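Visitor: return atomic coordinates for the entry below.
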Amino acid sequence: MGPHRIPALALAADVVAVVVFAAVGRASHDESGSVLGLIATAAPFVVGLGVAWATPVVRARPTTLRSGLIVIACAAVIGLLLRFAFTDRLPLTFVLVATISLAVLLLGWRGLAALVAHRAGQQVR
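Guide: From the prediction side, this is the model:
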């Protein structure tokens, strides 16, 4: 796989992470399994991802810790602000759980990718 495909795969991994976050959150609250409900739950956070991915830092090196922190900040802050704008409520517990969950998912795949890349580099030598 060429390096030109890494940004596309990284963006896909970020979107999957946010959809997983939304799906787990909906399931934990016994909300219906409708696709439209899942999209509505994930959408504010996907908008935050879009803002993060509009930055040159994330586009240039999407798998780095720095990029991951930018993605988390944008997804969490913008996602939570949009959620508040549409629901007119934002419990502190949701803010904490959402931010931590997004951090684990968005940094988690980056950490696994770094580990795999490191091990692959060791095997090549």
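Visitor: phi and psi next, for the spatially closest residue to Phe84 that is not a sequence neighbour.
Guide: In this structure, Phe84 finds its nearest non-sequential neighbour in Leu90, 4.2 Å apart by C-beta to C-beta, 6 or more residues apart in numbering. Where you see a C-beta, it was placed from the backbone N, CA and C, and this is true even at glycine. Leu90 adopts backbone torsions of phi -150, psi 80, taken as degrees, to the nearest 10.
Visitor: where in the chain is pLDDT low?
Guide: 1-3, 122-125 (pLDDT under 70).
Visitor: longest helix anywhere in it?
Guide: helix 92-124 (DSSP state H).
Visitor: centre of the chain to it, how far?
Guide: 10 Å (C-alpha atoms, centre = their mean, to the nearest Å).
Visitor: now do stretch 86-94
Guide: On C-alpha atoms, centre = their mean, the centre of stretch 86-94 falls 19 Å from that of its chain.
Visitor: what residues does that stretch touch?
Guide: Stretch 86-94 is contacted by residues Pro44, Leu80, Arg83, Phe84 when judged by C-beta atoms under 8 Å, 6 or more residues apart in numbering.
Visitor: let me see the contact set for the closest residue to the first one other than its chain neighbours.
Guide: The one in question is Pro44. Distance criterion C-beta to C-beta, 6+ apart; nearest residue to Pro44, sequence neighbours excluded, is Leu82 at 3.6 Å. Leu82 sits next to Ala43, Pro44, Val47, Gly48 when contact means C-beta under 8 Å, 6+ apart.
Visitor: so which strand or helix has Leu82?
Guide: Assessed by DSSP states H and E, Leu82 sits inside helix 65-87.
Visitor: so what's the nearest residue to Ile78 once chain neighbours are set aside up against?
Guide: Once flanking residues are discounted, Ile78 sits nearest to Gly48: 3.5 Å by C-beta to C-beta, 6+ apart. With contact set as C-beta under 8 Å, 6+ apart, Gly48 has these partners: Cys74, Ala75, Ala76, Val77, Ile78, Gly79, Leu82.
Visitor: if we can go back for a sec, could you dump the helix holding Leu82 to PDB, C-alpha only?
Guide: Extracted in PDB, the C-alpha atoms of helix 65-87 (Å, rounded to 0.1, in the frame of the first residue of the first chain):
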ATOM      1  CA  LEU A  65      -0.300  11.900  18.000                       C
ATOM      2  CA  ARG A  66      -0.500  15.600  17.200                       C
ATOM      3  CA  SER A  67      -3.100  15.000  14.500                       C
ATOM      4  CA  GLY A  68      -5.000  12.700  16.800                       C
ATOM      5  CA  LEU A  69      -5.200  15.400  19.500                       C
ATOM      6  CA  ILE A  70      -6.500  17.900  16.900                       C
ATOM      7  CA  VAL A  71      -9.100  15.400  15.700                       C
ATOM      8  CA  ILE A  72     -10.300  14.700  19.300                       C
ATOM      9  CA  ALA A  73     -10.400  18.400  20.100                       C
ATOM     10  CA  CYS A  74     -12.500  19.300  17.100                       C
ATOM     11  CA  ALA A  75     -14.700  16.200  17.100                       C
ATOM     12  CA  ALA A  76     -15.500  16.600  20.800                       C
ATOM     13  CA  VAL A  77     -15.800  20.400  21.100                       C
ATOM     14  CA  ILE A  78     -17.700  21.000  17.900                       C
ATOM     15  CA  GLY A  79     -19.700  17.800  18.300                       C
ATOM     16  CA  LEU A  80     -20.800  18.700  21.800                       C
ATOM     17  CA  LEU A  81     -21.600  22.300  20.900                       C
ATOM     18  CA  LEU A  82     -23.700  21.200  17.900                       C
ATOM     19  CA  ARG A  83     -25.400  18.600  20.100                       C
ATOM     20  CA  PHE A  84     -26.200  21.300  22.700                       C
ATOM     21  CA  ALA A  85     -27.500  23.600  20.000                       C
ATOM     22  CA  PHE A  86     -30.000  20.900  18.800                       C
ATOM     23  CA  THR A  87     -31.000  19.400  22.100                       C
END
